[in-house]
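[1] Curious how this folds, go ahead:
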Amino acid sequence: MKTVEVREVLKDLIVLRAIDRDIRYFESLWEIPEGVTYNSYVLRTNEGSILFDTVKHSFSEEYVNALRRVVDLRDIKYVVIQHMEPDHSSSLKALSTLSDFRAEVLGHPLTAKLVKSLLGLDIKFRSVRDGEELRLGNMALKFLHTPWLHWPETIFTHIEEFGALMTCDAFGAYSIAPYTISDLTDLTTQYVKYMRKYFVNIIGHYRDNVIKALDKLSTLNLKTELIAPSHGAVLLGANVVKEVLKLYRSWAEGVPEDKKVVILYTSMYGYNEEIIRKLLSTIGRDNVDVKVFRFTSDHRDNVSDFLGEVIDAKVIVLATSTYDNSVFPITKYLLELLLSKSNVEKPIYLITTYGWNDAASRELKNILIKSKFKLSKELSVNSLLTETDLQKLDYMSREILTYLGVS
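    Have a look, this model is predicted:
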């Protein structure tokens, strides 16, 4: 059943949330069993209304019906498209066919071309400049160009009277979250995990642009007491906003949690699984936060979860094997994603197993040497662990604990 919720965030600021519990792979790529929402917002003024983004086209009928309950379509003066990706823009097509919908569409200069190419629409459109202001009745808006968060035409909109920042994909999250988060304690729950996961999956490749956008917001010194993203919860309250901005900067910079270790391993026949079991017997302590992701003959963890956890890890352990005289294919794929989404300076401990040729070790070292990751220690095992291998593994595990500051 397709559902679009209507919720009041503040008086005259309404969120319409299309709730997608059926989706399994966001962008046909990222595993999200937790689901996702697509958020659109209506701002009512004393001279008409402004619509911010729409929702995914598969919810168009329910969305239009919900929108009619909120506002007379004839009163919508503007639609602000802050990002043209279809999960935010494609219900504009359904709106454009309605006789009582006469709004002017506003967006980045690149948006006009994308409206035509992605939706096939020829509509009344006006581009907005970086820093341009618009007043409608008792509300004042400022448009900010924030390119590559995560497309080149992304913009934010600041609503002065509410201290509200409309941010589309930025500051969003997976999950069917409460429609608002207004308490700092909420940010210590599972929600931050979904927010971090979304950040790395979708925006992680553009971490430098995240920092530029955060610096821009800091320089402008806009009153911001509410962040309204297009996925997840509305972030309400100056303290919550301050903490979220801090989290975004830490993720963009790859700031590690003190005692967090992420272990990724593949194991075709159990050799690497046995090695990791022995490693965990040493480092798996109550005061060490160990996240293990495994890809074996009977289990595969979610790639999206792995990337979401690794961004703030202090140590990464990678265990894999040679396959077809190369790196095990899944490992190579995951490492390519890791370098794209979270290429920050962190120590990696490398464990490889092989039968007749340790090609995986050579190839992985050639990949890592071109990255920001630091190869700290390597253990190469010819299938079964020898006594010498066990000593090296013990030394590696103790070095990890020392680096974490755990005695």
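
[2] Residue 65: neighbour count?
    Around residue 65 there are 10 other residues, counting by other CB atoms under 10 Å. Any C-beta I mention is one placed from the backbone N, CA and C, and that applies to glycine too.

[3] actually residue 373, not the one I typed
    22.

[4] which residues touch it?
    316, 339, 343-348 (CB atoms under 8 Å, 6 or more residues apart in numbering).

[5] Work out for me the element residue 102 sits within.
    Assigned by DSSP states H and E, residue 102 falls within no helix or strand.

[6] and the nearest residue to it once chain neighbours are set aside, which of the three is it?
    In this structure, residue 102 finds its nearest non-sequential neighbour in residue 74, 6.5 Å apart by CB to CB, 6 or more residues apart in numbering. Here residue 74 is recorded as helix under DSSP: H, G, I helix; E, B strand; the rest coil.

[7] Counting neighbours, what do you get for residue 74?
    14.

[8] again with residue 242
    The burial count for residue 242: 13, using other CB under 10 Å.

[9] Can you point out the helix or strand that includes residue 223?
    Going by DSSP H and E, residue 223 is not in any helix or strand.

[10] Phi and psi next, for it.
    Per-residue torsions, residue 223: phi -60, psi 120 (degrees, to the nearest 10).

[11] do residue 82 as well
    Phi and psi for residue 82, reported as degrees, to the nearest 10, are phi -90, psi -10.

[12] Just confirm it contacts residue 53, I think it does.
    Yes. With contact defined as CB atoms under 8 Å, residue 82 counts as touching residue 53 (5.8 Å).

[13] and for these two, which residues touch both?
    Contacts common to residue 82 and residue 53, judged by CB under 8 Å, 6+ apart, are 88, 166, 168, 230.

[14] Just the ones in helices from the residues you listed, please.
    Among these, the ones falling in helices (DSSP state H) are residue 88.

[15] Quick check: the farthest pair among the shared contacts of residue 82 and residue 53?
    88 and 166 (11.3 Å; CB to CB).

[16] quick one: common contacting residues for these two?
    Joint contacts of residue 88 and residue 166 (CB under 8 Å, 6+ apart) are 53, 82.

[17] Those two: who's more crowded?
    Neighbour count, other CB under 10 Å: between residue 88 and residue 166, residue 166 has more, with 28 against 23.

[18] In space, what's closest to that one - neighbours in sequence excluded?
    residue 157 (4.3 Å).

[19] Check residue 95 too.
    residue 101 (4.9 Å).

[20] Next, please give the residue ranges for the strands of the stretch 151-300 of the chain.
    Listed in chain order, the strands of the stretch 151-300 of the chain (DSSP state E, counting those that start in this stretch) span 155-159, 164-168, 180-181, 226-229, 234-236, 260-267, 289-296.

[21] no wait, the stretch 1-150 of the chain
    3-10, 13-20, 25-26, 30-31, 36-45, 48-52, 76-81, 104-107, 125-127, 133-136, 139-145.
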